[in-house]
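**Q** Based on what follows, work out the 3D shape:
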Amino acid sequence: MTTVALKPATFAQALTRALRDALADDPSVHILGEDVGTLGGVFRITDGLAAEFGDHRCFDTPLAEAGILGTAVGMAMYGLRPVVEMQFDAFAYPAFEQLASHVAKMRNRTRGTMPLPLTIRIPYGGGIGGVEHHSDSSEAYYMATPGLHVVTPATVADAYGLLRAAIASDDPVVFLEPKRLYWSKDSWNPDDPTPVEPAGRAVVRRTGRSATLITYGPSLPVCLEAAEAAREEGWDLEVVDLRSLVPFDDETVCASVRRTGRAVVVHESGSFGGPGGEIAARVTERCFHYLEAPVLRVAGFDIPYPPPMLERHHLPGVDRILDAVARLQWEAES
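**A** Presented below is the predicted three-dimensional model:
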């Protein structure tokens, strides 16, 4: 039996390795965005790539997000595989017209004859002490735009595997990177070239019997921490990491909820009009006769992102998650 050499790596290092391997494996892959070349990106995810592959493969652009994405659309139409970096979540909004009008619609508009193999990397979410425009959770906008795939990794291995799968896809992928996880570490085999397949599948990170925590991206570590803390209350919580928001893995999610009979959706995005509402509706429609209590949500508050000193109150934490689980227990018994 061959022993696999696991090494400690950060989430950011796995992303960098995925981009490097994609550039090395496929000459059609190009990286563009603000400061991705000489500087290596504001979070240094593209560090060293321009030096290794040349500034024609990894290059800086003006500070014009609509122009960056519009350029990438043209590149993809002509057979390249561009990977765009939007420097921060809220900085991507000026490019939304390009996204909704062209990126999401091109394949349908051409009756399938012109796919857009385009990956849009967006650092998103809070937890880093950033201010407004630097900590948004904008996933609901992309989920509500038909024609896009929307994925978000939460582990070092998935950072690599999901990004490789996104770049290899012939459909446009919005690749949401949780900023607070960039410096998280895990043991990982950096020489494993396997993308995450099949795309669009959730995974159970922790098995349990009392209730299911449905989450993704930056909220996964919080849910795992809450599941450990719940043991003191006698609750055995299952944790499902969605990984892909579009397409959505109803099969894995509903199988978990049918086992436990209770569910809480956890995310940083606001509750009203947020991803949790859609997820709760899908679970309720498919699992109604298995549910012992309504599907609950633990989310960010319905406000613009607060100042750094207040973000610990704004973001879902262990106590708020456990309060929701307690409500599930009470409503099931009442």
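**Q** Low-confidence bits of the stretch 101-250 of the chain, can you list those?
**A** 192-195, 197-198 (pLDDT under 70).
**Q** just the strands in it please.
**A** Using DSSP state E, counting those that start in this stretch, the strands assigned to the stretch 101-250 of the chain run over residues 119-124, 149-151, 173-178, 185-188, 203-206, 211-215, 237-241, 244-246.
**Q** Can I get the ones you listed in JSON lines including distance to R327?
**A** (Glycine included, C-beta is placed from N, CA and C.) Output for the strands of the stretch 101-250 of the chain, formatted as JSON lines (distance: least, CB to CB, whole Å):
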{"stretch": "strand 119-124", "distance to R327": "28"}
{"stretch": "strand 149-151", "distance to R327": "29"}
{"stretch": "strand 173-178", "distance to R327": "27"}
{"stretch": "strand 185-188", "distance to R327": "32"}
{"stretch": "strand 203-206", "distance to R327": "21"}
{"stretch": "strand 211-215", "distance to R327": "10"}
{"stretch": "strand 237-241", "distance to R327": "14"}
{"stretch": "strand 244-246", "distance to R327": "25"}
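**Q** between those strands, which one is nearest to M75?
**A** Evaluated over the strands of the stretch 101-250 of the chain, closeness to M75 peaks at strand 119-124, with 11.6 Å, by CB to CB.
**Q** what's K7 in contact with, if anything?
**A** 187-190 (CB atoms under 8 Å, 6 or more residues apart in numbering).
**Q** Any idea what it is bridged to?
**A** W188 (DSSP bridges).
**Q** Contact partners for L63?
**A** With contact set as CB under 8 Å, 6+ apart, L63 has these partners: E34.
**Q** helix or strand for it, which one?
**A** L63 belongs to no helix or strand when elements are defined using DSSP states H and E.
**Q** Show me how this structure divides into domains.
**A** The record's domain parsing of the chain by automatic domain parsing lists 7-188, 203-333.
**Q** Could you dump the ones you listed into JSON lines and include distance to V196?
**A** Formatted as JSON lines, those follow (distance: least, CB to CB, whole Å):
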{"stretch": "domain 7-188", "distance to V196": "4"}
{"stretch": "domain 203-333", "distance to V196": "7"}
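**Q** Next, name the residue at the spatial heart of the chain.
**A** T152 (1.5 Å; CA atoms, centre = their mean).
**Q** List the contacts of that residue.
**A** T152 touches 124, 139, 175-178, 216-217, 242-243, 245, counting by CB under 8 Å, 6+ apart.
**Q** Next: A227.
**A** 206, 208, 213, 237-239.
**Q** Likewise for L315?
**A** L315 touches 126-127, 222, 268, 300, counting by CB under 8 Å, 6+ apart.
**Q** any idea which of the residues you listed is closest to P308?
**A** Nearest to P308 among those, with distances taken as CB to CB, is G126, at 8.9 Å.
**Q** My read is that A104 contacts V150, right?
**A** No - taking CB atoms under 8 Å as the definition, A104 is not a contact partner of V150, at 10.8 Å.
**Q** out of these two, which sits in the busier spot?
**A** V150 (25 against 20; other CB atoms under 10 Å).
**Q** what's the neighbour count on S256?
**A** Around S256 there are 23 residues (other CB under 10 Å).
**Q** List phi and psi for it.
**A** phi -70, psi -50 (degrees, to the nearest 10).
**Q** Please enumerate the helices of the chain.
**A** In the chain, the helices defined using DSSP state H lie at 11-25, 49-53, 65-77, 96-98, 106-109, 139-143, 156-168, 220-230, 250-260, 275-287, 311-314, 318-333.
**Q** Would you mark the buried spots in the fourth one?
**A** It refers to helix 96-98. 96, 98 (16 or more other CB atoms under 10 Å).
**Q** who touches that helix?
**A** 66, 69-70, 73, 141.
**Q** how far is that helix from where the chain is centred?
**A** 20 Å (CA atoms, centre = their mean, to the nearest Å).
**Q** same thing with stretch 236-247?
**A** Distance, centroid of stretch 236-247 to centroid of chain: 11 Å (CA atoms, centre = their mean).
**Q** what distance separates the start and the end of it?
**A** Start to finish, the residues bounding stretch 236-247 are 28 Å apart (CA to CA, to the nearest Å).
**Q** Repeat that for stretch 242-261.
**A** For stretch 242-261, the end-to-end distance is 18 Å (CA to CA).
**Q** Mark which of the contacts of K7 are buried, thanks.
**A** W188.
**Q** Out of the contacts of K7, which is nearest to V253?
**A** W188 (25.8 Å).
**Q** Please look at the closest one and F11 and confirm they touch.
**A** No - applying CB under 8 Å, one finds W188 not in contact with F11, separated by 9.7 Å.
**Q** where do the contact lists of those two overlap?
**A** With CB under 8 Å, 6+ apart as the test, W188 and F11 both reach V156.
**Q** Which strands border the longest strand along the chain, and is each parallel or antiparallel?
**A** When the chain is scanned for its longest strand (criterion: DSSP state E), the result is strand 263-270. Under the criterion DSSP bridges, strand 263-270 sits next to strand 211-215 (parallel), strand 296-300 (parallel) in its sheet.
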